[in-house]
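> Sequence isn't available, so here's the structure alone:
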Ligand code: ADP
Ligand code: MG
């Protein structure tokens, strides 16, 4: 082997070997969707830079394959490599991103641990998160100066806790209300603590944490049953608190439910303000998808946004993930983003947990809404109410179920599939300028949603 040291070769080698590893660990579909579109850019000073189609793709990779990537690097004999991502500035041009200017997603490791994409501006507000959002804003405006100390944000997976907590840090730093901001996942706190014990650097660890103006510890529930970490955190907490420094914590459950956490910590957690984030309601889900599509200039119809927002209920990460998946599929197969592709993606995202709205329900609810008999929807009548109810029901069936046009036609009194298409188009168009109809459909959808939940 020649000794000439070739940067390009090295980066290719590392990445190729990672890919081999990944291929052996995940199924082909996932590999094709998530890793095929990634290319390696450079390897420098222990940092591997990857180019990824868009920033949601980055998020997905980080949250779903972060650990696996680390393992891949280890198995390639590069265990300590840090990965950084670049995405094309204009992520529409996924195909030609070589020539487009690029923005750094995460350049060198920022000591604050903050991710600048998580801001209040990018956080969509709804009744499910309004309270937490307002409390977060108050804290960010005047950290350590409100009675919301600590601010304890809790709620289920993927509902925006990390986003909100990070937004506090970003905002406080931007407007200068806190100088030294640190965001740390609780597991990292634990790891650093253990490391500092082993290396006899506990003083440095303690000093470091106590010098922070705004400390954000994410997913504090992972402290459960780690007595030593809890003990250490208790002292850190007290030191900061007495200095009027702000503490922000997140957790998957309220303080009182943190079984296995020391009582004195729990009562500290309860001393400030606890705010929960709940599952977003339909309007918020639609708004989140719209925002995301807009930001990324994703050409996606209102119909598809409705489809996703209606069916993916509890988890915003999944909701966003489904759109990324759709994008990835579309760009891979250079297919149009249409309803059938969207359906396919959706059924994958939902897996077996899919709760199907039935055509029968749709028909009977629509009939109710227009004050007619279910039978007339299926029948031949052409009165205005009947036609409107029928068309709406067909439209809803198309959006809310996985049935083909043909099947839908059959269920609606053996009508032709072109009749179904016509009805769907008509309704989709009417919704835009007929407020009353659009309200009616919204209401119906909600009812159906609840009935099948
Ligand atoms: P959690 O920490 O509660 O598990 P995250 O904060 O990681 O959830 O949120 C998961 C994903 O959903 C992130 O991409 C986040 O940006 C997004 N998200 C959550 N809530 C909102 C919201 N209200 N508006 C916009 N995006 C949101
Ligand atoms: Mg989180």
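It's in. All values derive from a computational prediction rather than experimental measurement. Ligands and ions are numbered 1, 2, ... in the order given.
> Please, which helix or strand holds the residue positioned nearest the centre of the chain?
In the chain, the C-alpha nearest the mean C-alpha coordinate belongs to residue 317, at 2.4 Å (CA atoms, centre = their mean). Using DSSP states H and E, residue 317 sits within helix 316-332.
> Quick check: next helix or strand after that helix?
helix 339-350.
> got the contact list for that following helix?
Contact with helix 339-350 is made by 301, 303-304, 307-308, 311-312, 318, 321-322, 325-326, 329-330, 335, 354, 398, 402, as judged by CB atoms under 8 Å, 6 or more residues apart in numbering. C-betas here are computed from N, CA, C, even on glycine.
> can you give me the offset of that helix from its chain's centre?
17 Å (CA atoms, centre = their mean, to the nearest Å).
> okay, now the residue of the stretch 1-150 of the chain found nearest ligand 2: neighbour count?
In the stretch 1-150 of the chain, the residue that lies nearest ligand 2 is residue 63 (8.9 Å; CB to the ion). Other residues lying near residue 63 total 12 when counted by other CB atoms under 10 Å.
> Return the nearest residue of the protein with respect to ligand 1.
residue 160 (2.7 Å; CB to the nearest ligand atom).
> hang on, isn't that residue packed against residue 123?
Yes - at 6.7 Å, residue 160 and residue 123 qualify as touching, with contact defined as CB atoms under 8 Å.
> Pick out whichever of the two has more residues nearby.
Regarding residue 160 and residue 123, a neighbour count based on other CB under 10 Å identifies residue 160 as having more, with 25 against 19.
> Now the more buried one: closest residue in space that isn't a chain neighbour?
In space, and not counting its chain neighbours, residue 160 is closest to residue 277: 5.4 Å by CB to CB, 6 or more residues apart in numbering.
> Just give the number of residues close to the closest residue to ligand 2 within the stretch 51-200 of the chain.
Using CB to the ion, residue 162 is the residue of the stretch 51-200 of the chain that sits closest to ligand 2, at 3.2 Å. By other CB under 10 Å, 20 other residues sit near residue 162.
> which residue sits closest to it, ignoring its sequence neighbours?
residue 218 (5.6 Å).
> so how far is residue 142 from the one you found?
21 Å (CB to CB, to the nearest Å).
> higher neighbour count, those two?
residue 218 (22 against 13).
> I'd like the distance between the more buried one and residue 79.
Taking CB to CB as the measure, residue 218 falls 24 Å from residue 79.
> Over to residue 395?
For residue 395, the distance to residue 79 (CB to CB) stands at 54 Å.
> Of the two, which one has the most company?
residue 395 (25 against 10).
> Determine the three-state secondary structure at that one.
helix (DSSP: H, G, I helix; E, B strand; the rest coil).
> For the residue nearest to it when sequence neighbours are not counted, report the pLDDT, please.
Distances taken as CB to CB, 6+ apart put residue 427 closest to residue 395, at 3.9 Å, once the chain neighbours are dropped. At residue 427, the pLDDT value in this model is 95.
> okay but residue 427 is in contact with residue 440, surely?
No - judged on CB under 8 Å, residue 427 makes no contact with residue 440 at a distance of 10.6 Å.
> Now the common contact residues for these two.
Common neighbours of residue 427 and residue 440 (CB under 8 Å, 6+ apart) are residue 392.
> Report the mean confidence score over stretch 292-310.
86.
> Kindly check the end-to-end length of that stretch for me.
Using CA to CA, to the nearest Å, the end-to-end distance of stretch 292-310 comes to 16 Å.
> so how far is it off the chain centroid?
Using CA atoms, centre = their mean, the mean C-alpha position of stretch 292-310 is found 14 Å from that of the whole chain.
> Lovely, talk soon.
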